[in-house]
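Enquirer: Need a 3D model of the following:
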Amino acid sequence: MDFTFLASTMVTLLKAVPTTLILFSLSIFFGGLLALVIVWMRVSGNPVLSRFAKGYIFVFRGSPLLIQMFLVFYGLGQFGFIRYSFLWPFLREPMVCAILSLALCTAGYTAEIFRGGIRAVSPKEIEAARSIGMSGSLLVRRILAPIAFRHALPAYSTEIVLMMKSTALASLVTVWEVTGVAQRLISQTYRTMEVFLCAAIIYLVLNFIILQGMALLEYSLSRHRRAIPQALKA
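Expert: Residues are numbered from 1 along each chain as shown. This next block holds a predicted model:
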């Protein structure tokens, strides 16, 4: 095995990591914000909003992300009201299209994950909060949101890892992240095994860091549960 080539390949691919991280972080951020809107519509009790949210979740969970990305990248320019609007200078950029498609897709999955977390909240906890005068935004901020997020965190961490891996699809719309640069190196060197091995190592390291961060967050949020066994031992 040519370690000199592996080292040079790794250096080249590492230069593309910032692009991958930008794709990942922005898609998770905007997808999370959109998911909050979708889950609010889903549980609002308004039949129109609820059906729209159900339809959105069905479409983006039921169709392949690759097709969604192609529709955004190649399809938006087919509409004149978009092509001649103030949005077109942004939407014609491959990076923006990749972030938009990733965010729209993850919003559908994340909304269902958050809805599952909300349903896991015990009605008794909500009744107890209301009995001491909590209502509206205070109840959501102090009781509903923290508990629901703790319940949703394991599934949400899986979705985040999947989104990191999904950034590789952005190479198909000419975004030069890690996978795109790897494919370009293969076309120049014809050394598929070594190049993809380096790319796989980079993704493994990134996902390991993400999982450790999510595990640390879950550990910090469950501090109250660890205090109970310790109190019993004392």
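
Enquirer: Quick check: longest helix in the chain by residues?
Expert: Longest helix of the chain, by residue count under DSSP state H: helix 192-221.

Enquirer: Tell me which helix or strand the most centrally placed residue in the chain sits in.
Expert: With distances taken as C-alpha atoms, centre = their mean, I28 lies nearest the centre of the chain, 3.8 Å away. In the assignment (DSSP states H and E), I28 maps to helix 17-43.

Enquirer: Compute the inter-axis angle for the longest helix of the chain and helix 17-43.
Expert: Helix 192-221 runs at 50 degrees relative to helix 17-43, counting by axes from the mean of the first three to the mean of the last three C-alpha atoms, to 10 degrees.

Enquirer: per-residue confidence averaged over helix 192-221?
Expert: Summarised as a single mean, pLDDT over helix 192-221 is 92.

Enquirer: Pull the distance from that helix to the chain's centre.
Expert: 14 Å (C-alpha atoms, centre = their mean, to the nearest Å).

Enquirer: So which elements touch that helix?
Expert: Packing contacts for helix 192-221, counted by 3 or more C-beta pairs under 8 Å, 6 or more residues apart in numbering; DSSP states H and E, involve helix 3-14, helix 17-43, helix 145-166, helix 178-189. Just so you know, the C-beta spots here come from the backbone N, C-alpha and C atoms, and that holds for glycine as well.

Enquirer: closest one to A200 among these?
Expert: Among the helices and strands packed on helix 192-221, the nearest to A200 by C-beta to C-beta is helix 178-189 (9.4 Å).

Enquirer: would you turn the helices and strands packed on helix 192-221 into TSV with distance to A103 and mean pLDDT?
Expert: Formatted as TSV, the helices and strands packed on helix 192-221 follow (distance: least, C-beta to C-beta, whole Å; pLDDT from 0 to 100):
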stretch	distance to A103	mean pLDDT
helix 3-14	25	92
helix 17-43	4	95
helix 145-166	9	91
helix 178-189	19	93
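
Enquirer: okay, the ones you listed in JSON lines with distance to P94 next?
Expert: Rendered in JSON lines, the data for these read as follows (distance: least, C-beta to C-beta, whole Å):
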{"stretch": "helix 3-14", "distance to P94": "19"}
{"stretch": "helix 17-43", "distance to P94": "11"}
{"stretch": "helix 145-166", "distance to P94": "15"}
{"stretch": "helix 178-189", "distance to P94": "10"}
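
Enquirer: With respect to A111, which of those lies nearest?
Expert: Of those, nearest to A111 by C-beta to C-beta is helix 17-43, at 3.9 Å.

Enquirer: what angle separates the closest one from helix 178-189?
Expert: 140 degrees.

Enquirer: Tell me which residues are up against stretch 113-133.
Expert: The contact list for stretch 113-133 (C-beta atoms under 8 Å, 6 or more residues apart in numbering) reads 35-36, 39, 42-43, 139, 142-144, 147-153, 155-156, 159.

Enquirer: re the thing from before, the residue nearest to the centre of the chain touches I160, doesn't it?
Expert: Yes. With contact defined as C-beta atoms under 8 Å, I28 reaches I160; the gap is 6.3 Å.

Enquirer: Tabulate the CA atom coordinates of stretch 55-66 in PDB.
Expert: C-alpha atoms of stretch 55-66 as PDB (Å, rounded to 0.1, in the frame of the first residue of the first chain):
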ATOM      1  CA  GLY A  55     -48.600  15.900   3.600                       C
ATOM      2  CA  TYR A  56     -45.200  17.500   4.000                       C
ATOM      3  CA  ILE A  57     -43.900  14.700   6.200                       C
ATOM      4  CA  PHE A  58     -45.200  12.100   3.800                       C
ATOM      5  CA  VAL A  59     -43.600  13.700   0.800                       C
ATOM      6  CA  PHE A  60     -40.200  14.300   2.200                       C
ATOM      7  CA  ARG A  61     -40.000  11.000   4.100                       C
ATOM      8  CA  GLY A  62     -41.500   9.000   1.300                       C
ATOM      9  CA  SER A  63     -39.300  10.200  -1.600                       C
ATOM     10  CA  PRO A  64     -35.500   9.700  -2.100                       C
ATOM     11  CA  LEU A  65     -33.300  12.600  -1.000                       C
ATOM     12  CA  LEU A  66     -31.400  12.300  -4.200                       C
END
